[in-house]
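Chemist: Prediction below, plus the sequence it came from.
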Amino acid sequence: MPNREPHRGAAANVARRALLCACLGGWCMASAVAATLAEKARESGCVNKPMWLAGDTYRCATESGAFSYFNVPGGSGERATPKAPTPAGFPRVDPETQKGRDGVRRKVLTDELATEEKLLAETRTAYADGAPVPLPEERADAEKYRTRIARLRQSVAVHEKNIEALKKELAAVK
């Protein structure tokens with residue numbers, strides 16, 4: 001005969017699921033987490049599907065438009081949010097137009113890469129492997145000289161990172 005105890009709230013439901021999972025060898029852990037996530041979302045007043053942030057933390061929107069943040073212990077397994085299908089009637093770009101846009105993007109990236117490579121070469125020349133010739137005002141003030149060397153070293157690093165990022169972007173262009 002089924003147990004006809006009155007409803008005892010979310011805590012009782014979680015406890016019953018935990019007991020059921022223990023009895024079934026733990027095979028229902030994912031469904032228990034999902035149920036707990038759904039319960040936490042309901043308790044937090046969510047009006048959309050909770051989004052996983054990090055660890056056990058989730059975020060959702062409430063009716064007031066504010067965000068609600070909550071934790072679901074063991075809930076980090078629901079990280080993947082299925083991709084929503086493209087709505088019917090959503091504007092699509094024809095392949096020729098997209099090909100033209102990709103060509104323009106490739107050209108812009110190539111131009112930026114050439115500019116960064118030129119700037120890197122100029123900065124490396126000025127840096128002179130960490131030993132540039134001191135400027136007249138730096139001969140009397142060693143701290144100014146060290147500051148300029150540090151600025152040049154940082155500039156070389158920035159240009160190298162920019163070149164690396166641009167090459168990565170160019171590789172990704174179709």
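Modeler: That came through, no problem. Source: prediction; values computed, not measured.
Chemist: So in the chain, which helix runs the longest?
Modeler: In the chain, taking DSSP state H as the definition, the longest helix is helix 95-127.
Chemist: I'd like the next helix or strand past that one.
Modeler: helix 136-139 (DSSP states H and E).
Chemist: helices and strands around the very next helix or strand once past that next one, which ones?
Modeler: Next in sequence after helix 136-139, counting helices and strands by DSSP H and E, comes helix 142-172. Identification of packing neighbours for helix 142-172 by 3 or more C-beta pairs under 8 Å, 6 or more residues apart in numbering; DSSP states H and E yields helix 95-127, helix 136-139. C-beta coordinates here come from the backbone N, C-alpha and C atoms, glycine included.
Chemist: circling back: quick one: list the elements packing against the longest helix of the chain.
Modeler: Secondary-structure packing of helix 95-127 (3+ C-beta pairs under 8 Å, 6+ apart): helix 142-172.
Chemist: ok now the helix it packs on, how far from the chain's centre?
Modeler: 24 Å (C-alpha atoms, centre = their mean, to the nearest Å).
Chemist: ditto for stretch 92-109
Modeler: So, by C-alpha atoms, centre = their mean, the centroid of stretch 92-109 is 26 Å from its chain's centroid.
Chemist: buried stuff in that stretch?
Modeler: The neighbour-count check on stretch 92-109 (16 or more other C-beta atoms under 10 Å) flags residue 109 as buried.
Chemist: Just the CA coordinates for it, please, in PDB.
Modeler: Provided in PDB are the C-alpha atoms of stretch 92-109 (Å, rounded to 0.1, in the frame of the first residue of the first chain):
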ATOM      1  CA  ARG A  92      19.600  34.200 -43.300                       C
ATOM      2  CA  VAL A  93      22.600  35.400 -45.300                       C
ATOM      3  CA  ASP A  94      23.100  33.900 -48.700                       C
ATOM      4  CA  PRO A  95      26.400  32.100 -49.200                       C
ATOM      5  CA  GLU A  96      27.800  34.600 -51.700                       C
ATOM      6  CA  THR A  97      27.200  37.500 -49.300                       C
ATOM      7  CA  GLN A  98      28.800  35.600 -46.500                       C
ATOM      8  CA  LYS A  99      31.800  34.700 -48.700                       C
ATOM      9  CA  GLY A 100      32.200  38.400 -49.400                       C
ATOM     10  CA  ARG A 101      32.100  39.300 -45.700                       C
ATOM     11  CA  ASP A 102      34.600  36.600 -44.900                       C
ATOM     12  CA  GLY A 103      36.900  38.000 -47.600                       C
ATOM     13  CA  VAL A 104      36.700  41.500 -46.100                       C
ATOM     14  CA  ARG A 105      37.300  40.100 -42.700                       C
ATOM     15  CA  ARG A 106      40.400  38.200 -43.900                       C
ATOM     16  CA  LYS A 107      41.700  41.400 -45.600                       C
ATOM     17  CA  VAL A 108      41.200  43.500 -42.500                       C
ATOM     18  CA  LEU A 109      42.900  40.800 -40.300                       C
END
